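J.: Below are the sequence and a predicted model for it; my questions follow.
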Amino acid sequence: MKFEFSIDIPSPREFVWRVAQDPLLRHKWDVRISKYIVHEVQETGAEVTIYFKVLFFRPKGKAKFLKFQPPSQSILKIESVSPPLVPTGGGTWIMEDIPGGTRMITRFLLDSHQTKYSPDWFIKFVVRRDTTRSLKKLKKLVLELSEYENHAK
């Protein structure tokens, strides 16, 4: 299954990148994630543990950065999830300069297979709903942190 979403954020690309890729902030804007741990320096090849939010479950995912190129692009491959309530696959995050700010493009290529826990129709619904909510929360967080940084100067 392929998905693509984008959002325009009126803030510099470097700042949007910093907020979006900060492991300590990830759970504040990504409604699918309760905890996001990068085990090494955040760079290509780094391993990541992701604790997802699925109702009252917290499936644990193991992932790896296939590409980490600040402040432009990162690609993360989810290799396994236990229990298998979240599909494996990959995500790409691209930051592009646009007049007045940054366009963040999010692409997912999820393994398409029916399971008794998460049929494809349900995954499509949840990915669309949660990604849209997450990107709106990211924009709000970037704007709040940007305002805070500007006042601190």
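T.: Yep, it's here.
J.: Determine the longest helix present in the chain.
T.: The longest helix of the chain (DSSP state H) is helix 120-152.
J.: List the buried residues of that helix.
T.: Residues 123, 127, 131, 134, 135, 138, 139, 141, 142, 145, 146 are the ones in helix 120-152 that count as buried (16 or more other C-beta atoms under 10 Å). Heads up, the C-betas are built off the backbone N, CA and C, glycines and all.
J.: Determine the three-state secondary structure at the nearest residue to the third one once chain neighbours are set aside.
T.: So the one you mean is residue 131. Of all residues not flanking residue 131 in the chain, residue 5 sits nearest, at 5.0 Å (C-beta to C-beta, 6 or more residues apart in numbering). At residue 5 the chain is in strand, as set by DSSP: H, G, I helix; E, B strand; the rest coil.
J.: picking up where we left off before, who does the longest helix of the chain touch, helix- and strand-wise?
T.: strand 2-9, helix 13-21, helix 26-29, strand 101-110 (3 or more C-beta pairs under 8 Å, 6 or more residues apart in numbering; DSSP states H and E).
J.: If we use 6 Å, what do you get?
T.: strand 2-9, helix 13-21, helix 26-29 (3 or more C-beta pairs under 6 Å, 6 or more residues apart in numbering; DSSP states H and E).
J.: pLDDT value on the residue nearest to residue 131, please?
T.: Predicted confidence (pLDDT) for residue 5: 97.
J.: ok, now how distant is it from residue 55?
T.: For residue 5, the distance to residue 55 equals 22 Å [C-beta to C-beta, to the nearest Å].
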